[in-house]
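# need coordinates for the following:
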Amino acid sequence: MNAIIETNIISDTIVLSQIDKTVNFKNCLGVFQGGGCKALAFVGAYGEAKSRGVNFSEVAGTSAGSIFAALIAAGATPQYMENLIKDIDFNRFNHPIDKNLSNKYGFNEYKYSRKIAGRLFKKNKIISNILNFVDNIGLFSSEELDLWLNDELKTLLNIENKTVTFKDLKIPLHVIATDLIKKKQKIWNENTPDVSVAYAVRCSCSIPLYFQPVNMEFVDGGLVSNLPSFSLNNGVGHFEKILCFTLSSKPEEIKCIKTYLESIAGSVVDGAIQIQETLQYNTYNIKINDLPVTTTGFEILTPELIQDTISIGKRAAAEFFNDETTKISEKEDISTPKLTKDYILNSVVMEDVDCHNHIYMCFNDTKHIYGLFPTILSWLVEKKIRITFITRYIKNITTDHDSVLHEKYRRKLIERFGIHLIERESIPFDAFIFEGDYKYNDKAIFLYDKDDLEFNIGHGAIYDGKYNLHIISSLIKMLNLTDKDKKNHDLIISNLKNFTIEKCSSKQHIRKLKNVQQYKGKNVSIKEIKLNLSNVKLMTKYVKSYKYNQIDKLYEILNKNGISLFDYSVITFSDGLQFLITPIIVEKHGNDYIVIKGNSRLNYAYRELELNGYFSAVVANKVSINLPSIGCYPTSDCIITTINKEGSTRYENWSYRNFRRVEETIRNPSDFLEEEI
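Numbers count the residues shown, from 1 in each chain. As a prediction, this is how the structure comes out:
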């Protein structure tokens, strides 16, 4: 856990507060187990998770867990959920049976004799319920749940006069039910965009015997997957880790046939969950145990019992996050799925380098290195780790003039920051290798750049020294480093004194931005303006996970130099050469303020720093050329993703021709290579 100083900028007033934030669960698939009334504990657990900085890029649920997952997918806050739960009359969900279903599928052959038996055993609730079930295929209808949830989703999403479908939700949702006809699980998600969310949840919540089957086809998803991450963990998702919320009641002695049957059902469900846990990769469980309510105890719920259940959920989540480092280290990789390129890059960003003293970067060119600039700067400045970059001669990778220019610029920049650059005719592989004194902490992270490999084996591989020490040792030998190649660590540290990070005027950035092709029109004005976060929109709802997580490193570096995320800053080398750090750049179109650069930074400020006020940005006004995308999303709707999304898969109606070349204009290679041009 990190203790982070939060900064909220509201009307130029800076408010500081110290809170504990999660390090490992900023971007998760949130999975909610079924459990009927026990699921009330999710309100407290979810509230605690949010306060720790957890954000779900996807959610999944079974049975009662699907209700909470659906509310989260529609944007419900923990406070909204708590207020909602306290106002519900839970008995309303015990809706009268659907007579049409009863008449069509009920056991009608001996209806008259059962009617007499019903009168005889009227005061025996168990026998009466059994007879009621035989007649109606359940004690109650789940229709009221459908109607109630759809109304709540409409309120959350500000939708009127229509049923809320999966395509209307803010983040992807997966709902699991049991298909009685096909005798397997049924999953509703983004692949069923026009299906009613409330209908899917109703199906998932239809506990057999208690509720009638929906259309005599679907019942509770817990029968086939009460921990739905098992059904969804296919190695491709927006999330980095899977965070499961699981439930269990207090142990209860078997006293009668009723508790005997309940214990059998509970053992089947909980036993299946334990089996599923052992087969899954990258899953972590918040276990909410010893709950004072049972699955179908709607009639005994009191305000005090509800609050007690919520509090137990909150404590369970707090205990998990307080010990999350241990939870991460204890988790062993069972079977690594195919990894996306963004997942691999995010693994580099999230690597704990405190146990390493040398990092080798071996790549054909500098593209990935430049894209990880904040992370590498953190390794150099904050961790003072020596870094060696092994690459091919430029002539061996390109002859294109622009590509050559950018490669020369980036390589000179790499050397200026104190990284040892080694150029060769060829390299053995593309990888980051982390080496330390304790070899079991070593790690190698491979990246395969050929797109056709993704379908077969993924975009990369990760080798941990704990299990693959011989592989990592062989890889380091393959680098063929000579004594001449090896740089002294003290020399690297001395090179780090050759630059400073400091505030600067926005005028330096504005002067450069006027050279962006789309901003050269005579009517275009570029100014520094204070904007409210609630008034700006992003062209995409997808923020790359590795870029988002790098902002944490940038924030730490800037903060130590007395600079905020929204200050204008520059890296100045001892010879006076300057490297401008790109600020937030926005364009005004009509009444809309659209972000051009700074998606990751704004999302970090919104999620991690809880910014809800004003920030400083460079705003271009009266730009006549269309934006490269028609997307328009508030920061609150954004999804942090490890899926490889580029161009048209990330932006709506993507037009590369209208792309603003901001980065290469602010840091023009020609400015760094004047003597060679």
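# which strand or helix spans residue 507?
Using DSSP states H and E, residue 507 sits within helix 506-513.
# so who does residue 43 touch?
Counting by Cβ atoms under 8 Å, 6 or more residues apart in numbering, residue 43 makes contact with 68, 78, 81, 82, 85, 310, 313. The C-beta positions use only the backbone N, C-alpha and C, and glycine is treated the same way.
# please disregard the earlier target; I meant residue 72.
30, 46, 56, 59, 171.
# how many residues are close by the last one?
Close neighbours of residue 171, defined as other Cβ atoms under 10 Å, add up to 21.
# does it count as helix, strand or coil?
Classification of residue 171 into helix, strand or coil gives coil, according to DSSP: H, G, I helix; E, B strand; the rest coil.
# look up phi and psi at it.
Here is the backbone geometry of residue 171 (degrees, to the nearest 10): phi -130, psi 160.
# need the pLDDT of the nearest residue to it once chain neighbours are set aside.
Distances taken as Cβ to Cβ, 6 or more residues apart in numbering put residue 73 closest to residue 171, at 5.2 Å, once the chain neighbours are dropped. Note for residue 73: predicted pLDDT of 97.
# what about residue 73, how many neighbours?
Look at residue 73: counted by other Cβ under 10 Å, it has 29 neighbours.
# that one and residue 189, how far apart?
Counting by Cβ to Cβ, to the nearest Å, the separation of residue 73 from residue 189 is 10 Å.
# overlap in contacts of those two?
172, 173.
# so which bits of stretch 169-186 are buried?
Judged by neighbour count (16 or more other Cβ atoms under 10 Å), stretch 169-186 contains these buried residues: 169-180, 185-186.
# need the CA coordinates for that stretch. PDB is fine.
The C-alpha trace of stretch 169-186 is given here as PDB (Å, rounded to 0.1, in the frame of the first residue of the first chain):
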ATOM      1  CA  LEU A 169     -23.800   0.400 -19.300                       C
ATOM      2  CA  LYS A 170     -20.800   2.500 -18.400                       C
ATOM      3  CA  ILE A 171     -18.400  -0.500 -18.000                       C
ATOM      4  CA  PRO A 172     -18.700  -4.100 -19.300                       C
ATOM      5  CA  LEU A 173     -20.900  -6.400 -17.300                       C
ATOM      6  CA  HIS A 174     -21.000 -10.200 -17.300                       C
ATOM      7  CA  VAL A 175     -24.100 -12.000 -15.900                       C
ATOM      8  CA  ILE A 176     -24.200 -15.800 -15.500                       C
ATOM      9  CA  ALA A 177     -27.300 -18.000 -15.200                       C
ATOM     10  CA  THR A 178     -28.000 -21.700 -15.600                       C
ATOM     11  CA  ASP A 179     -29.600 -22.700 -18.900                       C
ATOM     12  CA  LEU A 180     -31.900 -25.700 -18.100                       C
ATOM     13  CA  ILE A 181     -32.500 -26.500 -21.700                       C
ATOM     14  CA  LYS A 182     -28.900 -26.600 -22.900                       C
ATOM     15  CA  LYS A 183     -27.700 -27.800 -19.400                       C
ATOM     16  CA  LYS A 184     -24.900 -25.300 -19.200                       C
ATOM     17  CA  GLN A 185     -24.100 -21.800 -18.200                       C
ATOM     18  CA  LYS A 186     -25.500 -18.800 -20.000                       C
END
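# hang on, the earlier thing: after the helix holding residue 507, which helix or strand is next?
For helix 506-513, the following helix or strand on the C-terminal side (DSSP H and E) is strand 525-532.
# in that following strand, what's buried?
Of all the residues in strand 525-532, those buried under the rule 16+ other Cβ under 10 Å are 526, 529, 531.
# contact partners for the closest residue in space to residue 321 that isn't next to it in sequence?
Spatially, and ignoring its direct neighbours in sequence, residue 321 is nearest to residue 52 (4.8 Å; Cβ to Cβ, 6+ apart). With contact taken as Cβ under 8 Å, 6+ apart, residue 52 is in contact with 1, 20, 21, 22, 25, 317, 321.
# quick check: the farthest pair among those?
21 and 317 (13.9 Å; Cβ to Cβ).
# between those two, which one's more packed in?
Set side by side, residue 21 and residue 317 show more neighbours around residue 317, with 27 against 20, by other Cβ under 10 Å.
# quick one: that one and residue 87, what's the gap?
Residue 317 is 23 Å from residue 87, where distance means Cβ to Cβ.
# again, but for residue 326
Taking Cβ to Cβ as the measure, residue 326 and residue 87 are separated by 39 Å.
# now residue 22
Plainly put, residue 22 is 30 Å away from residue 87 if you go by Cβ to Cβ.
# give me the more crowded residue out of the two.
Each of residue 22 and residue 87 has its neighbours counted (other Cβ under 10 Å); residue 22 has more, 19 against 7.
# ok, that one touching residue 54?
Yes: between residue 22 and residue 54 there is a contact under Cβ atoms under 8 Å: 5.8 Å.
# among the buried residues of stretch 169-186, which two are most distant?
Across the buried residues of stretch 169-186, no pair lies farther apart than 170 and 180, at 31.5 Å, counting by Cβ to Cβ.
# which one of the buried residues of stretch 169-186 sits closest to residue 604?
residue 171 (17.6 Å).
# how far away is residue 461 from residue 339?
According to Cβ to Cβ, residue 461 stands 7 Å off from residue 339.
# so between these two, which is more surrounded?
It is residue 339, of residue 461 and residue 339, that has more neighbours when counted by other Cβ under 10 Å, with 24 against 18.
# wait, doesn't the more buried one sit right on residue 446?
No: counting by Cβ under 8 Å, residue 339 sits too far from residue 446 to count as a contact (9.4 Å).
# now for these two: what residues contact both?
Counting by Cβ under 8 Å, 6+ apart, the contacts common to residue 339 and residue 446 are 460, 461, 462.
# so for the last one, what pLDDT did the model give?
It stands for residue 462. For residue 462, pLDDT reads 91.
# chain center to the helix or strand harbouring it, what's the gap?
Following DSSP H and E, one finds residue 462 within strand 460-464. Distance of strand 460-464 from its chain centroid, counting by Cα atoms, centre = their mean, to the nearest Å, is 21 Å.
# who are the neighbours of that strand, in terms of helices and strands?
Identification of packing neighbours for strand 460-464 by 3 or more Cβ pairs under 8 Å, 6 or more residues apart in numbering; DSSP states H and E yields helix 341-350, strand 443-447, helix 465-478.
# buried set for it?
Burial within strand 460-464, assessed by neighbour count using 16+ other Cβ under 10 Å, is assigned to 460, 461, 462, 463, 464.
# export those residues as CSV, with columns for distance to residue 623.
Below are the buried residues of strand 460-464 laid out as CSV (distance: Cβ to Cβ, whole Å):
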residue, distance to residue 623
460, 38
461, 44
462, 43
463, 48
464, 49
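# tell me the one among these nearest to residue 608.
Using Cβ to Cβ, the buried residues of strand 460-464 come closest to residue 608 at residue 462, 25.6 Å.
# may I have the beta-bridge partners of the closest one?
On the basis of DSSP bridges, residue 462 is bridged to residue 445.
# I figured it hits residue 447, correct?
No: look at residue 462 against residue 447 with Cβ under 8 Å: they stay out of range, at 10.2 Å.
# picking that back up, looking at the contacts of residue 52, which are in helices?
Secondary structure assignment (DSSP state H) places 317, 321 from the contacts of residue 52 within helices.
# may I ask which of the contacts of residue 52 comes out lowest in pLDDT?
Across the contacts of residue 52, the bottom pLDDT score, 53, is held by residue 1.
# the helices in the stretch 501-650 of the chain, which residues?
Counting by DSSP state H, counting those that start in this stretch, the stretch 501-650 of the chain forms helices over residues 506-513, 545-560, 599-607, given from the N-terminal end onward.
# helices or strands next to the longest one in the packing?
Yep, that's helix 545-560 we're talking about. Taking 3+ Cβ pairs under 8 Å, 6+ apart as contact, the helices and strands that helix 545-560 lies on are helix 341-350, helix 373-381, helix 599-607, strand 639-641.
# can you give me the buried ones in it?
Across helix 545-560, burial judged by 16+ other Cβ under 10 Å covers 545-555, 557-558.
# buried ones in stretch 573-592?
The neighbour-count check on stretch 573-592 (16+ other Cβ under 10 Å) flags 579, 580, 581, 582, 583, 584, 585, 586, 587, 588, 589 as buried.
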